[in-house]
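**Q** Just the structure for this:
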Amino acid sequence: MKNIRLDKIAINVHARRILLMILEENPILERILRGSKNETEAMEAIKEWILPKLKKNPAAEAFYLRKDHNHDLYLQLNWEDFAAIRLLDYIKHAGESHPDQNIHGEMAVTNPIKMMWLATNFGIGGAKPDFFLDMLELFRQLNGKLKPEIPGREQVQEWMDRYPSGIEPNIAELRKVNRDRIIGILTEKIDNGEIKSKRYSFEPGLSQEEKIAKMNEWWSESRFHLRFAVRSPDMLNELLDYSLDPDTMDILYDAEEKGIPFFVNPYYLSLLNVQTPGFAVGGDLAIRCYIVYSRALVEEFGQIQAWEKEDKVQPGKPNAAGWILPSHNIHRRYPEVAIFIPDTVGRACGGLCASCQRMYDFQSGRYNFDLQKLKPNESWNQRLPKLLSYFKDDAQLRDILLTGGDALMSSDRSLKNILDEIYKMAVLKKEENKNRPEHEKYAEILRIRIGTRLPVYLPQRITPALAQILADFKKKASKIGVKQFVIQTHFESPMEVTPEAQKAVQLLLNAGWAVANQLVLTAPASRRGHTAKLRKVLNDIGILTYYTFTVKGFKENSANFTPNGRAVQEEMEEKYLGRLPEKEMDEIQELMHDAKNMADNVDKLRKENNLPFLATDRNILNLPGVGKSLTFRTIGITRYGRRILEFDHDRTRNHSPIIDEMGKVIIIESKSITEYLRQLEDMGENRDEYEGVFGYSLGETEPRMPIYEYPGYDFEITDELTHLKLGVEA
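**A** Numbers count the residues shown, from 1 in each chain. Sure, this is the predicted structure:
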């Protein structure tokens, strides 16, 4: 009913002017719209007009008809094909409605040709300017006015050069000024009793210089930063030298009242600019958006739904992917890997990211920053081996991802205990396999991963003692056949790569663990050249890039959301510079096995192939169904210009067989392309540099890099899938 009422609402003057531009540039379209008796007739006429264009390229016709749908076929499409396929998909899906989780499940209807027909003939339809701007660029793509222009290396390098890194001396000096300011404020608060701590207090009689020296000494301790983490808007503003504007403070006060936790440690806060010189303007935006909450997040908190349906766990019942799980400690999407979340301080983080995928759990109180209460109790030591038996008794699991929260928030003792139990489980799995017949053997543990953002948020946590625990574990686990040891982290910006972070990463590499990065492509991180520069700086310190994720979530993350078309554009127009030739794939596969020399080996590969960085990551979205994919088509668009995408699963990797029952996954993006471009303009970007983003209405998941494939076994494992029950969703 609501959509029928909106059909009778007039379009505004701005929308009318854009519509007239569309009609003027496309006389055939105008003739069709004005000459059709209704929208159905208009759609049929447009279809007859477009189909011959599609048939010019057999690959485009096959792609549209979903014949041999693959990445190679996708690369054969030209710019006009993208537009023709989108128009035909708009017609095919006209009138469909989908629940829009950005507006709490209200139905969103796609019928763009109808809206164009109503607007052209009657000036109604209720479509907004952002809708017409998207349609304007669609027809420009079709008629050749909007053309793809792959930027050359010099252009991409110029974009990359806009962003400084945190290891540059002038940026390091800025951070020292910030640190001194924060230390001065905290010193005063300790002195006047506003902050009390048994561990971090001054002995009587110390001079101011001695107190400051003591504070600088404490700065190198992770416990200091956790103890003095900011938990209120006023404290945040004070430590940032009262630089937050009134609107931001209003949002933060509302967030506090709503119960959204604050937790920003002093080290990470020192990375934010207060007085920003010309060479650093805009450099900290990708960091700032992780700390400063948006109005949309505050409004939605309390109503946030879990984005990934398989994160909803009911012990003993199958999740959305069909996997039966013993408790909330284990999450699973794929046959080969499961996430393990221990009941330790690892359920917390070194800071709370505004776009955190687990904001749903913070909302429910399952995750929090009461670090004392999160310490493990006695029952945890009894539960730990029982939970890990899930991995031992599963036919396909060979990869365990220890995460949280943040896995390295656990104490050294807790972490060692967990790793020791993982080792025992892997040994038992190997032993039990000896009694299984050939072709019925279970997959043994090949890969251990630890998920953490602490090299970014709190590099002081990465100590020689921690590195020794990791090195000792690797040494003994390697002897029983575990071949890959990986720290997975989240650097968002080259400005987060600091001397402290570099030192922490080198400790991890020296322990024999490779470090791989997962970037969340927030709006500030999606600026031209930003991700490319991050790849380069990470490679410089020995980190491999693993994933570049589109922001997940619904309205609560809309401020940070980057449309998926921009993720495809970044892949095609910037990341291409880092692609290795096929002949080098064997060499790159060996990188994981020599973590200590990762930085040198990566540098050697880059120099030999004249590459600014290694593009070892895949641009991906974590689906709200099951798994990761960037295989999508734009099948619709709302009257507000928000695109409706139909995702298929990534068919290049193993999934639960439930994906064949689930079919396609529909996602309604939380902002229009035009709204996104306006946001970039507010950041100081030139929107003309992004013009082609409108044309990226299709995506196809990139092939997985060989470096991330599982090593093989010297025996054949069973095809059996255990702990799986299809047909029931949690």
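
**Q** C-alpha from now on. contacts and neighbour counts both.
**A** Will do.

**Q** got the contact list for stretch 324-334?
**A** Outside of stretch 324-334, the residues within contact range by CA atoms under 8 Å, 6 or more residues apart in numbering are 310-311, 313-319, 321, 323, 338-343, 387, 390, 626-627, 654-656, 723-725.

**Q** Just the buried residues out of the residues you listed, in ChimeraX syntax.
**A** To isolate the buried ones among those in ChimeraX, judged by 16 or more other CA atoms under 10 Å, type:
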select :310,311,313,317,318,319,321,323,338,339,340,341,342,343,387,390,626,627,655,656,723,724,725
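
**Q** Filter the contacts of stretch 324-334 down to just the ones in helices.
**A** Judged by DSSP state H, the contacts of stretch 324-334 include Leu387, Tyr390 as members of helices.

**Q** so of the contacts of stretch 324-334, which ones are in strands?
**A** Of those, the ones assigned to strands by DSSP state E are Ala338, Ile339, Phe340.

**Q** got the contact list for Gln569?
**A** Residues in contact with Gln569 (CA under 8 Å, 6+ apart) are Gly692, Val693, Tyr696.

**Q** ok now the one helix or strand it maps to, how far from the chain's centre?
**A** Using DSSP states H and E, Gln569 maps to helix 564-573. Distance of helix 564-573 from its chain centroid, counting by CA atoms, centre = their mean, to the nearest Å, is 14 Å.

**Q** now whatever helix or strand comes next after it: mean pLDDT?
**A** Sequence-wise, the next helix or strand downstream of helix 564-573 (DSSP H and E) is helix 585-589. In this model, helix 585-589 has an average pLDDT of 80.

**Q** Kindly report the same for stretch 698-709.
**A** 92.

**Q** Show the end-to-end separation of that stretch, please.
**A** End-to-end distance for stretch 698-709: 26 Å, by CA to CA, to the nearest Å.

**Q** likewise stretch 583-594?
**A** Distance between the two ends of stretch 583-594: 20 Å, counting by CA to CA.

**Q** now do stretch 525-534
**A** With CA to CA, one end of stretch 525-534 sits 9 Å from the other.

**Q** try stretch 393-409
**A** Counting by CA to CA, you get 28 Å between the two ends of stretch 393-409.

**Q** Likewise for stretch 441-458?
**A** Distance between the two ends of stretch 441-458: 42 Å, counting by CA to CA.

**Q** re the thing from before, looking at the contacts of Gln569, spot the one nearest Ala501.
**A** Closest approach to Ala501 among the contacts of Gln569 (CA to CA): Val693, at 33.6 Å.

**Q** tell me the contacts of that closest one?
**A** Gly565, Arg566, Gln569, Ile673.

**Q** swap the cut-off to 7 Å and go again
**A** Listed by CA atoms under 7 Å, 6 or more residues apart in numbering, the contact partners of Val693 are Gly565, Arg566, Gln569.

**Q** again with Tyr293
**A** By CA under 7 Å, 6+ apart, the contact list for Tyr293 reads Leu252, Ala354.

**Q** rerun at 8 Å
**A** Ile251, Leu252, Ala255, Ala354.

**Q** Report how many residues lie close to the nearest residue to the last one once chain neighbours are set aside.
**A** Once its chain neighbours are removed from consideration, Ala354 has its nearest residue in Tyr290; the separation is 4.9 Å (CA to CA, 6 or more residues apart in numbering). Counted with other CA atoms under 10 Å, residues neighbouring Tyr290 total 19.

**Q** I'd like the next helix or strand past the host helix or strand of Tyr290.
**A** If you go by DSSP H and E, Tyr290 is part of helix 285-291. Sequence-wise, the next helix or strand downstream of helix 285-291 (DSSP H and E) is helix 295-300.

**Q** right, and the helix or strand after that next one?
**A** Tracing the chain C-terminally past helix 295-300 and defining elements by DSSP H and E, one meets strand 330-332 next.

**Q** What are the boundaries of the helices in the stretch 1-150 of the chain?
**A** Assigned by DSSP state H, counting those that start in this stretch, the helices in the stretch 1-150 of the chain fall at 2-7, 13-25, 27-35, 39-55, 58-64, 71-74, 79-92, 112-122, 129-143.

**Q** can I get those helices in TSV with mean pLDDT and mean neighbour count?
**A** Below are those laid out as TSV (pLDDT from 0 to 100; neighbours: other CA atoms under 10 Å):
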stretch	mean pLDDT	mean neighbour count
helix 2-7	72	12
helix 13-25	98	16
helix 27-35	98	16
helix 39-55	96	17
helix 58-64	92	19
helix 71-74	85	16
helix 79-92	97	22
helix 112-122	98	21
helix 129-143	97	22
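
**Q** Mind checking these for the one nearest to Arg153?
**A** Closest among the helices of the stretch 1-150 of the chain, using CA to CA: helix 79-92, at 21.3 Å.

**Q** Name the surrounding residues that touch the closest one.
**A** 43, 47, 50-51, 53-54, 57, 60, 64, 110-113, 138-139, 141-144, 147-148, 633-636, 695-698.

**Q** how about 6 Å then?
**A** Residues outside helix 79-92 that contact it (CA atoms under 6 Å, 6 or more residues apart in numbering): Leu142, Ile635, Gly636.

**Q** Quick check: which ranges of the protein have low pLDDT?
**A** For the chain, applying pLDDT under 70 flags the ranges 1-4, 68-69, 277-280, 371, 373-375, 377-378, 727-730.

**Q** List of residues touching stretch 627-637?
**A** Here stretch 627-637 has contacts from 89-90, 110, 620-622, 643-650, 697-701, using CA under 6 Å, 6+ apart.

**Q** chain center to that stretch: distance?
**A** Centre to centre, stretch against its chain (CA atoms, centre = their mean), the figure for stretch 627-637 is 16 Å.

**Q** so what secondary structure elements neighbour the helix or strand that contains Ile400?
**A** Per DSSP H and E: Ile400 is located in strand 399-402. Applying 3 or more CA pairs under 6 Å, 6 or more residues apart in numbering; DSSP states H and E, one finds that strand 399-402 contacts strand 337-340, strand 447-451.

**Q** List of residues touching the helix or strand following that strand?
**A** Sequence-wise, the next helix or strand downstream of strand 399-402 (DSSP H and E) is helix 412-433. Contact partners of helix 412-433, identified using CA under 6 Å, 6+ apart, comprise Lys392, Lys441, Ile445.

**Q** returning to what we had before: which of the helices of the stretch 1-150 of the chain sits closest to Gly193?
**A** Closest to Gly193 of those, according to CA to CA: helix 129-143, at 54.3 Å.

**Q** what does that closest one contact?
**A** Residues outside helix 129-143 that contact it (CA under 6 Å, 6+ apart): Ala15, Ile22, Glu80, Ala83, Leu146, Arg639, Tyr640, Gly641, Thr674.

**Q** between that helix and helix 27-35, how many degrees?
**A** Per axes from the mean of the first three to the mean of the last three CA atoms, to 10 degrees, the angle that helix 129-143 makes with helix 27-35 is 130 degrees.

**Q** okay, helix 129-143 in PDB with CA atoms only?
**A** Backbone C-alpha positions of helix 129-143 (Å, rounded to 0.1, in the frame of the first residue of the first chain) are rendered in PDB as follows:
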ATOM      1  CA  PRO A 129      17.000  12.700  -7.500                       C
ATOM      2  CA  ASP A 130      19.500  10.000  -6.500                       C
ATOM      3  CA  PHE A 131      17.400   7.500  -8.400                       C
ATOM      4  CA  PHE A 132      17.400   9.600 -11.500                       C
ATOM      5  CA  LEU A 133      21.100  10.300 -11.300                       C
ATOM      6  CA  ASP A 134      21.800   6.600 -11.200                       C
ATOM      7  CA  MET A 135      19.600   6.100 -14.200                       C
ATOM      8  CA  LEU A 136      21.300   9.000 -16.000                       C
ATOM      9  CA  GLU A 137      24.700   7.300 -15.700                       C
ATOM     10  CA  LEU A 138      23.200   4.000 -16.600                       C
ATOM     11  CA  PHE A 139      22.000   5.300 -20.000                       C
ATOM     12  CA  ARG A 140      25.200   7.200 -20.500                       C
ATOM     13  CA  GLN A 141      27.000   3.900 -20.000                       C
ATOM     14  CA  LEU A 142      24.700   2.300 -22.600                       C
ATOM     15  CA  ASN A 143      25.200   5.100 -25.200                       C
END
